[in-house]
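# sequence and predicted structure, then a few things I'm wondering about:
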Amino acid sequence: MSGVPASSNALEQRIVAQLDQFRRDGVYKSFNYLESPQAPRVRMEGRGQVIILSSNNYLGLSDDPVVMAAGKAGIDDFGAGTASVRFICGTFTIHRDLEAACARLVGTAAALSFVSCWNANEALPATVLTDRDIVLSDQLNHASIIDAMRLAKAIAKCETGVFKHGDYADLDAKLAAASDRQVKLVVSDGVFSMEGSIVNLPALLDVCRKHGALLWLDDSHATGVLGQRGRGTAEHFGLHGQVDIITSTLGKALGGAAGGFVAGSSALCDYLMQRARPQLFTNALPATVAASALAAIEVLETEPERVTMLRENTHYFRQGLLSLGFRPLPGDTPIVPVILGETAAAIRMSELLLEEGVFVTGFGFPVVPQGQARVRCQISAGHTREDLDQALAAFSRVGRRLELI
């Protein structure tokens, strides 16, 4: 049976035209291929050694020998893949050990791992809510939460809503209007990834408690980063163990491999195991990933000085940008965005920095709002002062070339 040639079907014509427009607008994104482990300095295909300022490898654990050795041992002990979903024959002892460590880290009774935090976020509201409930989301929450809200509305038929970013008076009013809802669930990022800002957790918790609402915190950019021991946003505010539900990732500070988890009560995690479609119909997290993530948590627990070094490096780099005349968004996290305005400008600056041997990604619409394009710097505990000084020198040269400073 012959099909319609790709070049003449309507879908192909539409997307080719859109791709061409992306190129004309200067917003087309290309992959850069690394030839070495994720680290503060890497080998990039066609460019040699570059300094990475775009990685989520906040604690420098991606190429840590202990973490890497644990992943290799995971293959030796459990094989390359699970070849099954969890409830059939895809559950290994390393999954239980990892989930216990995740719960211990974030201060909950239990945790359940998923192949990504995106999957964990999708699973949660669509599985546990019903048409008697409501879920309210901060306006700047991650795209995975936005999609999770849509899925919950479509599948669970629950009511959904959005409150203005960080506006807890708006949230208070929306919760008051939802007094007839059986379950009221509020969701927020712990650290908003494009801004690097931290949620006002005490204020958010106060509003939730006032209305008997449950708080769900996505701590993906805070786990391993915030708090004296890297236990996340709750520890940062002295509220460790007081958040009802936490989702987070194993793919950023915790070794940067893959995977995510939901942490909460034992009953919640058990129910997700019984009913969450992304859990029931997806192969379990590979044991090698689970083993390296577990090792990363154990390194964090025994080496909290990594968190201190991350904080010191972030302060040093932020002050360096300010002294050059740049105006990064204020904040206390290792996400340091420099706003440039238009997407093409952010991409151009990213390209010029890469020519200088510094890899910083430019972000524009639709990842961030129109007119708020930026280069987003991300600092690691693994960066040396030499790395940061070299990066700042590149920012100085490129900034002057583009007449930004």
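That came in fine, so what should we check first?

# from K210, how far out is A176?
Look at A176 and K210: by Cβ to Cβ, to the nearest Å, they are 9 Å apart. In this view, the C-beta of every residue, glycine as well, is placed from N, C-alpha and C.

# same for the helix or strand harbouring S350, what does it pack against?
S350 belongs to helix 343-355 when assigned by DSSP states H and E. Helix 343-355 is packed against strand 361-363, strand 373-378, helix 385-401, with contacts defined by 3 or more Cβ pairs under 8 Å, 6 or more residues apart in numbering; DSSP states H and E.

# distance to L300, mean pLDDT and mean neighbour count added to those, as a markdown table?
Listed next are the helices and strands packed on helix 343-355 as a markdown table, based on distance: least, Cβ to Cβ, whole Å; pLDDT from 0 to 100; neighbours: other Cβ atoms under 10 Å:
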| stretch | distance to L300 | mean pLDDT | mean neighbour count |
| --- | --- | --- | --- |
| strand 361-363 | 25 | 88 | 22 |
| strand 373-378 | 18 | 93 | 26 |
| helix 385-401 | 21 | 97 | 17 |
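
# can you give me the pLDDT of the residue lying closest to L402 once chain neighbours are set aside?
Nearest residue to L402 in three dimensions, chain neighbours excluded: M349, at 6.2 Å (Cβ to Cβ, 6 or more residues apart in numbering). Note for M349: predicted pLDDT of 93.

# what's around M349, how many residues?
23 (other Cβ atoms under 10 Å).

# ok, it touching L340?
Yes - using Cβ atoms under 8 Å, M349 is in contact with L340, at 6.2 Å.

# shared neighbours, these two?
Common contacts of M349 and L340 (Cβ atoms under 8 Å, 6 or more residues apart in numbering): G362, V375, L404.

# tell me what the second one is bridged to.
Think V375. Per DSSP bridges, the residues bridged to V375 are V338, G362.

# now do it against N57, distance only.
Distance of V375 to N57, computed by Cβ to Cβ: 18 Å.

# domain ranges for the protein?
26-55+304-401, 65-302 (automatic domain parsing).

# got the end-to-end distance for the shortest one?
This stretch, domain 26-55+304-401, spans 18 Å end to end (Cα to Cα, to the nearest Å).

# below-threshold pLDDT in this protein: ranges please.
Scanning the chain for pLDDT under 70 picks out the ranges 1-7.

# 50 instead, please
In the predicted model, the chain carries pLDDT under 50 at residues 1.

# what segments of it are helices?
For the chain, helices defined by DSSP state H occupy the ranges 10-25, 65-78, 93-106, 117-128, 143-155, 168-177, 201-210, 233-236, 266-275, 277-280, 287-302, 305-324, 343-355, 385-401.

# and for the second one, what's in contact with it?
Meaning helix 65-78. With contact meaning Cβ under 8 Å, 6+ apart, helix 65-78 is reached by 37, 61, 92, 94, 255, 257, 286-292, 294-296, 299.

# how about the fourth one?
Among residues not part of helix 117-128, those counted as contacts by Cβ under 8 Å, 6+ apart are 112, 114, 135, 142, 144-145, 147-149, 151-152, 154-156, 158, 185, 187, 216, 218, 220, 245, 247-249, 251, 259-262, 268, 271-272, 275-279, 282.

# compile the helices of the chain into CSV and extend it with columns for distance to V162.
Listed next are the helices of the chain as CSV, based on distance: least, Cβ to Cβ, whole Å:
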stretch, distance to V162
helix 10-25, 28
helix 65-78, 38
helix 93-106, 25
helix 117-128, 14
helix 143-155, 8
helix 168-177, 9
helix 201-210, 15
helix 233-236, 20
helix 266-275, 24
helix 277-280, 23
helix 287-302, 32
helix 305-324, 30
helix 343-355, 24
helix 385-401, 35
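
# mind checking those for the one nearest to I52?
For I52, the closest of these is helix 385-401, at 8.9 Å, according to Cβ to Cβ.

# got the angle for that closest one vs helix 343-355?
When axes from the mean of the first three to the mean of the last three Cα atoms, to 10 degrees is applied, the directions of helix 385-401 and helix 343-355 differ by 130 degrees.

# start at 841 instead
Yes, from this point I'll number from 841; that puts the last item at helix 1225-1241.

# packing partners for helix 1225-1241?
Using 3+ Cβ pairs under 8 Å, 6+ apart as the contact test, the elements touching helix 1225-1241 are strand 888-892, helix 1145-1164, helix 1183-1195, strand 1198-1199.

# any idea how far it is from the chain center?
Remark: helix 1225-1241 is offset 26 Å from the chain centroid, using Cα atoms, centre = their mean, to the nearest Å.
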